[in-house]
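A.B. asks: fold the stuff below for me.
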Amino acid sequence: MTALRLGLLQYPVERPTSVEAFARKLDTWLAEAVGRADLAVLPEYACVELGTGLAGGEADEAGELAAIVAAAPAVLEAMRGAARRAGLWLLPGSLPMRDRDGRVRNRAPLIAPDGSLAFQDKCVMTRFEAERWMVAPGAPPAVFDTPWGRIGVSICYDVEFPAHARTQVEAGAWLILAPSCTDSMHGFNRVRFSAAARALENQCFVAVTPTVGTAPWSAALDVNRGFAAVFGPVDRGFPEDGVLARGALDQAGWVFATLDPARLEAVRRDGGVRNHADWPSAPFPPASPARFA
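C.D. replies: Take a look at the predicted model:
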């Protein structure tokens, strides 16, 4: 496997009024990544900024969701077109889509430069998604075959659960992409610390990137906090804190990093510890009270 040039976009939430305007915004940002990245990653729910405009200029949470779900096929085509025009692999964040069973799921497409794509659903819903948007859990973790080997996607809250990323790593993923959308530093730090833990315990790379900025016109994306970062093993040949790259808090822009899977092979083979190999092959038995003598 060869090294991958990764671009993470700290995506500024704005107010596009049409799918065409959203497509132009994608083109503008992706043009900055051409020549610097092979794979560009946008945050979870980035396209939901369209909801207000598609709903006629003003809507509550339910109205925004209904508008973006209704437009999902056109939005997905805009994402595919942007990837083709830029000649990049693109994870354009996630898109709420109506599934065959009638339920809405939070779905992240990974799009190749020729426009072909595959999806990873979000598996664990936040309270907002489950209680206010009624978004349903989606398909189990999958892996994507790319020119750089297998990659996994663990959308926002999913990365807070070790088994999700571990399933992907055991299927051969050496990089986990964790696009996020959080409205507080509490939420962002949960994602950030979890991503760092997944990188440590699996001796893999994990990359996060958030929506940023304030959008008082949007019921769902009114506040957006965070920064993009790439985490790796906390071991020989890597930074002491495991942070390979990070952006500036709450500021729009790209963060680029070149990731070489050979570095992971080396640390898994001869690191100070072997977290990846030492992962228990079976769950621990239920804990019982220890006896004091």
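A.B. asks: against Pro216, how distant is the residue positioned nearest the centre of the chain?
C.D. replies: The residue lying closest to the centre of the chain (CA atoms, centre = their mean) is Pro179, at 1.9 Å. For Pro179, the distance to Pro216 equals 23 Å [CB to CB, to the nearest Å]. For the C-beta atoms, the positions are set from N, CA and C on the backbone; glycine is no exception.
A.B. asks: run through the helices of this structure in chain order.
C.D. replies: Here the chain has its helices, by DSSP state H, at 19-33, 51-54, 61-70, 72-86, 127, 162-170, 185-202, 261-270, 275-278.
A.B. asks: for Gly149, which of those helices is the nearest?
C.D. replies: helix 261-270 (6.0 Å; CB to CB).
A.B. asks: which strands or helices does the closest one pack on?
C.D. replies: Secondary structure elements in contact with helix 261-270, counted by 3 or more CB pairs under 8 Å, 6 or more residues apart in numbering; DSSP states H and E, are strand 173-180.
A.B. asks: chain center to the strand it packs on: distance?
C.D. replies: Strand 173-180 sits 6 Å away from the centroid of its parent chain (CA atoms, centre = their mean, to the nearest Å).
A.B. asks: then stretch 81-98?
C.D. replies: Here stretch 81-98 is found 13 Å from its chain centre; the criterion is CA atoms, centre = their mean.
A.B. asks: now it: mean pLDDT?
C.D. replies: Regarding stretch 81-98, the rounded mean pLDDT is 98.
A.B. asks: how about the nearest residue to Phe22, chain neighbours excluded?
C.D. replies: Pro16 (4.5 Å; CB to CB, 6 or more residues apart in numbering).
A.B. asks: go on, Arg246?
C.D. replies: Distance criterion CB to CB, 6+ apart; nearest residue to Arg246, sequence neighbours excluded, is Ala229 at 4.0 Å.
A.B. asks: got the contact list for that neighbour?
C.D. replies: Counting by CB atoms under 8 Å, 6 or more residues apart in numbering, Ala229 makes contact with 8, 192, 195, 207-208, 243, 245-247, 255.
A.B. asks: between these, which is nearest Ala165?
C.D. replies: Ala195 (8.7 Å).
A.B. asks: what's the closest non-adjacent residue to that closest one?
C.D. replies: Nearest to Ala195 is Val206, by CB to CB, 6+ apart, at 4.3 Å.
A.B. asks: confidence score at that neighbour?
C.D. replies: For Val206, pLDDT reads 98.
A.B. asks: that one against Ala196, yeah?
C.D. replies: Yes - if you go by CB atoms under 8 Å, Val206 and Ala196 touch, sitting 7.3 Å apart.
A.B. asks: list the residues that contact both of those two?
C.D. replies: Phe231.
A.B. asks: related to what we said a few turns ago, of the helices of the chain, which stretch is the most buried?
C.D. replies: With neighbours defined as mean count of other CB atoms under 10 Å, the helices of the chain peak in mean count at helix 51-54, which reaches a mean of 24.
A.B. asks: can you give the contact residues for it?
C.D. replies: 15-19, 21, 58-59, 63-65, 67-68, 70-71, 217-220.
A.B. asks: 7 Å - rerun?
C.D. replies: 15-18, 58-59, 64-65, 67-68, 71, 217-218, 220 (CB atoms under 7 Å, 6 or more residues apart in numbering).
A.B. asks: out of those residues, who's nearest Gly271?
C.D. replies: Ala220 (41.9 Å).
A.B. asks: wait, the closest one touches Val48, no?
C.D. replies: Yes - assessed by CB atoms under 7 Å, Ala220 is found in contact with Val48 at 5.6 Å.
A.B. asks: which residues do those two both contact?
C.D. replies: Any residue near both Ala220 and Val48 by CB under 7 Å, 6+ apart counts here, and that gives Glu64.
A.B. asks: for the stretch 1-150 of the chain, just list every one of the strands.
C.D. replies: Taking DSSP state E, counting those that start in this stretch as the test, the strands found in the stretch 1-150 of the chain are 4-12, 39-42, 89-92, 95-98, 104-111, 117-121, 144-146, 149-153.
A.B. asks: for Ala290, grab phi and psi.
C.D. replies: phi -80, psi 150 (degrees, to the nearest 10).
A.B. asks: count of residues packed around it?
C.D. replies: Number of residues near Ala290 (other CB atoms under 10 Å) recorded here: 5.
A.B. asks: beta partners of Ser180?
C.D. replies: Pro210 (DSSP bridges).
A.B. asks: sorry, back to before: as a markdown table, the helices of the chain with distance to Arg103 would be great.
C.D. replies: Output for these, formatted as a markdown table (distance: least, CB to CB, whole Å):
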| stretch | distance to Arg103 |
| --- | --- |
| helix 19-33 | 23 |
| helix 51-54 | 18 |
| helix 61-70 | 11 |
| helix 72-86 | 13 |
| helix 127 | 17 |
| helix 162-170 | 20 |
| helix 185-202 | 24 |
| helix 261-270 | 36 |
| helix 275-278 | 36 |
